[in-house]
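Peer 1: Okay, predicted coordinates and the sequence, questions at the end:
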Amino acid sequence: MSDWLEQELSEHLAPVKAPDDLWRRVNTAQPTSAVALSLSLRALPIAAVVTLILAGALWFMARGEGRQTTYQPFPASARAESCLLCHTTM
């Protein structure tokens with residue numbers, strides 16, 4: 001590292017004494033259960049709604065699996081006539 005940068009860093013980044021109030025708060029820290037409780041109370045209804053939506057989607061998809069859909073063939077003459085409605089030659 002260059003000498004001038006090291007000199008600047010040593011002047012401006014000198015160690016400082018932490019405030020006494022900070023050490024008091026660190027040493028007597030209590031876990032804040034209010035924040036954790038509010039997060040869990042918010043997460044529970046969201047998880048319940050997501051679960052219900054997924055269950056409903058799965059039920060809806062599974063409900064249609066038993067049905068067999070049969071398609072009626074479209075007559076060839078009708079196909080030719082319908083193509084001429086849009087695709088005309090000039």
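Peer 2: Okay, I see it. Nothing here was measured: the structure is a model prediction, and the numbers come from that model.
Peer 1: List the buried residues of the helix or strand where L44 lies.
Peer 2: When secondary structure is defined by DSSP states H and E, L44 falls within helix 33-63. Within helix 33-63, no residue qualifies as buried by neighbour count (16 or more other Cβ atoms under 10 Å). Bear in mind the C-beta positions are built from the backbone N, C-alpha and C, glycine included.
Peer 1: and it, what's its mean pLDDT?
Peer 2: Over the span of helix 33-63, the pLDDT mean works out to 84.
Peer 1: Can you name every helix or strand that it contacts?
Peer 2: Contacts defined by 3 or more Cβ pairs under 8 Å, 6 or more residues apart in numbering; DSSP states H and E place helix 33-63 against no helix or strand at all.
Peer 1: burial count for W4?
Peer 2: The number of residues packed around W4, counting by other Cβ atoms under 10 Å, is 8.
Peer 1: what about it, distance to A14?
Peer 2: The span separating W4 from A14 equals 17 Å under the rule Cβ to Cβ, to the nearest Å.
Peer 1: What of R63?
Peer 2: If you measure R63 against A14 using Cβ to Cβ, the figure is 72 Å.
Peer 1: give me the element Q30 is part of.
Peer 2: Assigned by DSSP H and E, Q30 belongs to no helix or strand.
Peer 1: Quick check: which element contains S10?
Peer 2: helix 3-12.
Peer 1: oh, I was asking about P15
Peer 2: Under the criterion DSSP H and E, no helix or strand holds P15.
Peer 1: Could you give me the buried positions within the host helix or strand of D21?
Peer 2: D21 belongs to helix 20-27 when assigned by DSSP H and E. Judged by neighbour count using 16+ other Cβ under 10 Å, helix 20-27 contains no buried positions.
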